[in-house]
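K.L.:
I'll drop the sequence and a predicted model, then ask my questions.
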Amino acid sequence: EDQVTQSPEALRLQEGESSSLNCSYTVSGLRGLFWYRQDPGKGPEFLFTLYSAGEEKEKERLKATLTKKESFLHITAPKPEDSATYLCAVGSGTYKYIFGTGTRLKVLA
Amino acid sequence: EAQVTQNPRYLITVTGKKLTVTCSQNMNHEYMSWYRQDPGLGLRQIYYSMNVEVTDKGDVPEGYKVSRKEKRNFPLILESPSPNQTSLYFCASSLQGPSGNTIYFGEGSWLTVV
């Protein structure tokens, strides 16, 4: 069965304290791995798409990497405005996106 | 501006009173879908549509209906809402489905059924 698991469920960091979020997946026929940021009460906002193992993408303080079984979202020197829930999703087959339950990140000033 | 627009954003209704949540996208996307988001359960797909007049069930379709008569619109219909359908609902669209295509979300519709 296709599945996406994110860890940790919640993470508290001090401003400037770098860390990584994990997304592990099992899927038949990966059609892309997606990272989203979601602020409370808002729709998920697209961050990255990764297609194949070894691929990396960066945006400001965020860097996403992909292996055959998992993806990491590295946050370097985070700021309070990076506080949000980060969602991981995979494209499976032709018609399905499967989402993890997210990691709630809180960055303290 | 490329966007997915949902209405209403907030709604309180009573059990059994039919309601429709509208969704419209201006990106000429073929693929549209509805999700509900509940604490601890993440985003769960209700229905999706690959193109006009083509729809299929997602993981939690019970109690919901959809239609896709035009490419840009994909309304979600609750024929007889029940309290367990209280949730945050998101409409989403992508160019041609999950084959590497990014999915774009609306701002969400908070639905409370009392």
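P.N.:
Ah, there it is.
K.L.:
any low-confidence regions in the chain?
P.N.:
In the absence of a named chain, this looks at chain A. A:94 (pLDDT under 70).
K.L.:
I was thinking of chain B, sorry if that wasn't clear
P.N.:
Chain B contains residues with pLDDT under 70 at B:100.
K.L.:
quick one: buried residues of stretch A:42-57?
P.N.:
For stretch A:42-57, a neighbour-count test (16 or more other Cβ atoms under 10 Å in any protein chain shown) marks A:43-44, A:47-50 as buried. In this view, the C-beta of every residue, glycine as well, is placed from N, C-alpha and C.
K.L.:
tell me which two of those sit farthest apart.
P.N.:
By the measure Cβ to Cβ, those have their two most distant members at A:43 and A:50, which lie 21.1 Å apart.
K.L.:
return the distance of stretch B:19-31 from the chain's centre.
P.N.:
8 Å (Cα atoms, centre = their mean, to the nearest Å).
K.L.:
what's the span of it from first residue to last?
P.N.:
For stretch B:19-31, the first and last residues are 23 Å from each other (Cα to Cα, to the nearest Å).
K.L.:
list the buried residues of that stretch.
P.N.:
Per 16+ other Cβ under 10 Å, stretch B:19-31 contains these buried residues: B:19, B:21, B:23-25, B:29-31.
K.L.:
run through the residues you listed and flag the ones next to chain A.
P.N.:
Restricting these to those adjacent to chain A (criterion: Cβ under 8 Å from any Cβ of the partner chain) gives residue B:31.
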